[in-house]
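# fold the stuff below for me.
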Amino acid sequence: MFAKVLIANRGEIAVRVIRACRELGITSVAVYSDLDRDALHVRLADEAYSLGGQTAAESYLNTEKILEIIERSGAEAVHPGYGFFSENTDFARAIASIGVAFIGPPPEAIEIMGDKVSSRRAAEAAGVAGVPGTTEFLTSSDEVVAFGNANGWPVAIKAAFGGGGRGMRVVKSADDAAAALESAQSEALKGFGRGECYVERYLTWPRHVEMQVFGDTHGNYVWLGERDCSAQRRHQKLIEESPAPEFPDDIRTAMGAAAVKVAAACGYVNAGTVEFLYQDGDFFFLEMNTRLQVEHPVTEMVTGLDLVAEQLRVAAGEPLSFTQESVRAGSRGHAIEVRVNAENPAGGKFLPSPGSITKLRIPQGFGVRWDGGYEAGDEVSQYYDNLVGKLVVWGLDRDVAIARMLRALGELEVSGIATTKPADIAILSHPDFVAAQHSTKWVEDTLDLSGISSDAAPAVAPADGDEPKVRRDVDVEVNGRKYSVSVWVPDIGVVAASAGGAPAARPRRSAAAAAAAVAGSGQVAVPMQGTIVKVLVSVGDAVESGQPVCVLEAMKMENNIAADKSGTVTEVKVTPVSPSAPATSSSSSNSQRLRRSTGEYLPMQYSARTPSFHPIFLPSSYVRPWYEIPTS
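A predicted model of the protein is given here:
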């Protein structure tokens, strides 16, 4: 077994791997960006090293820096988690080239299956049929139009090197093809560093059912059961469960056998997930994720197996600790996972809600598990994924599991940020979900989320009185390695929002700025922190109420920002950030950035009275508490 493992990731998956390493007696090494200097995974790891930078491109996707830290730390293996480098062939090869084990499949398998176009070819060669689609990368929107005309509309454009619904666009007609392809390529480039896309038939009412597989270096392959991940919004999963409800056992067995065929065909090793779409008794190969999945805990709860520990053992050359027969005999009950994301359901809009977590109360009780990446006092940054944690429950059957999850969600308390909790409760309580009559389109097309919202509770202001000295645990870096020291300093508290929602001890906004934020005044303010990646209007353009005027990227999602009144554009004072450019800036003239000296954000505004675009302050209800940080 390895003596030291570096985790090339952050958040709850880094925490999950660190805990598995500790149980196996392995020294864990964390890496972190400037924004994650005091993150939970950094606090839990045995060692931690700075990557520098803020955005993923500047930090967690910095191959050269990670390789440097591997050498300095003496790590013998690297666990990539999911996202970032987990399905990157070049990274896996770079790790292997310096004699370090990559805790995942061999680069050749990633190359075949990490690219969704080549994975379709490999699956077809193994006798596993996929959804009808192209097996070549798209070069123009004309190819999308030709495919749609031949196979019927709508069609789906998908990122070839991505997942999680990012870089995916549903195209309803030929007129939408060009804009959809451009948007999908842009999002794929930002999220995965590759902009290649392909197109396939878009099924009308499918369920998303995936099969967990495992392979070792001794030629053993096992499928560990399926997960139903059909409760989605924007093609990203909200709730997952295992086993899939109302799922025939003969289909389950056939799907498991097909998943093993796909894995064996590419010489797969370690944990992987083969994803299928299931509709009307038929299933189609969708893709293979060459990594551990976010929803792996439901499989662990049903099988009783620690998948991360198994990953470590397989990467160290050990054979699988289970067989197909033992998995079948040992699996029991039903497990459900709810992703608690920093998003406000907002009537179905699911708006990102970065900020500081002021309170986090985790539910407890029999059959309840929490896999989280944050604690109270931690900051959820706009630059990374918005997953706060995963609430997982187990029950003897599905009805018990649903009731237990609703009870656990009732106990879960998160303040300071909005979360998807209200939407999760609405899904779990709906008769369609209880009867397993939902599909991947059900949340957006059928579920009524009007009136469902999540209010971020304000931080509590520090009490008045003296400022005695208190112990502060301070992190320092020596030659890039993090150490923790304790110092005694005056207790000055933190900068917090007052009961009225305005920042305490901060400059007041002008009356004009406050008036500009009043609803219905013809002004458009982005409701979240983020980066403007596209301006859709120019000077002289006439805009109608509801027409998108810019695209804001926040927490890996693109959001259209629309005008709330009709008018004419006379001036544009915001500049979009290139997808390849770092999503951060110290320039005081960049009005898309967070002003940390006031805790307020300068978005784009459109006024119908005086048609122009210019920076304004957000209403106080959008203000998040921040430490005072000087800025230029």
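# could you measure from Val145 over to His235?
Separation of Val145 from His235 (Cβ to Cβ, to the nearest Å): 22 Å. For every residue, glycine as well, the C-beta is placed using N, CA and C.
# again, but for Pro132
Pro132 is 18 Å from His235, by Cβ to Cβ.
# what does Ser140 give?
Ser140 is 23 Å from His235, by Cβ to Cβ.
# so between those two, which is more surrounded?
Neighbours of Ser140 and His235, each counted by other Cβ atoms under 10 Å, are more numerous for His235; the result is 19 against 11.
# ok now the helix or strand hosting Val78, how far from the chain's centre?
Per DSSP states H and E, Val78 falls inside strand 77-79. Counting by Cα atoms, centre = their mean, to the nearest Å, strand 77-79 is centred 21 Å from the centre of its parent chain.
# likewise stretch 335-349?
12 Å.
# next, the distance between the ends of that stretch.
Stretch 335-349 has an end-to-end distance of 28 Å (criterion: Cα to Cα, to the nearest Å).
# give the buried residues for it.
For stretch 335-349, burial by neighbour count (16 or more other Cβ atoms under 10 Å) applies to 335-346.
# and these, which of them are in strands?
In this view, these that belong to strands under DSSP state E are 335-341, 343-344.
# tabulate these in TSV, adding columns for pLDDT.
What follows is those, written out as TSV (pLDDT from 0 to 100):
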residue	pLDDT
Ala335	98
Ile336	98
Glu337	98
Val338	98
Arg339	97
Val340	97
Asn341	96
Glu343	94
Asn344	94
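# which pLDDT value belongs to the closest residue to Gly152 other than its chain neighbours?
Take Gly152 and drop its neighbours on the chain: the residue closest to it by Cβ to Cβ, 6 or more residues apart in numbering is Arg201, 7.3 Å away. Per-residue confidence at Arg201 stands at 90 (pLDDT).
# how many neighbours does Arg201 have?
Neighbour count for Arg201, taken as other Cβ under 10 Å: 19.
# and which of the buried residues of stretch 335-349 is nearest to Arg93?
Using Cβ to Cβ, Arg339 is the member of the buried residues of stretch 335-349 that lies nearest Arg93, at 31.6 Å.
# how close does the closest one get to Arg328?
The value you get for Arg339 to Arg328, if Cβ to Cβ is used, is 28 Å.
# now swap in Glu87 and tell me
29 Å.
# got it, and Tyr483?
Distance, Tyr483 to Arg328, by Cβ to Cβ: 49 Å.
# of the two, which one has the most company?
Using other Cβ under 10 Å as the criterion, Tyr483 and Arg328 rank with Arg328 on top: 15 against 11.
# for the more buried one, what are phi and psi?
phi -60, psi -40 (degrees, to the nearest 10).
# ok, now which ones touch it?
For Arg328, no residue meets the contact criterion (Cβ atoms under 8 Å, 6 or more residues apart in numbering).
# same thing with Tyr49?
For Tyr49, the contact set (Cβ under 8 Å, 6+ apart) comprises 29-32, 69, 72-73, 480-482.
# just Arg252 next, same as before
Contact partners of Arg252, counting by Cβ under 8 Å, 6+ apart, are 225-226, 243-244.
# secondary structure element for it?
With DSSP H and E as the test, Arg252 turns up in helix 249-265.
# mind listing what's buried in that helix?
Buried-residue list, helix 249-265, by 16+ other Cβ under 10 Å: 251-252, 255-256, 258-263, 265.
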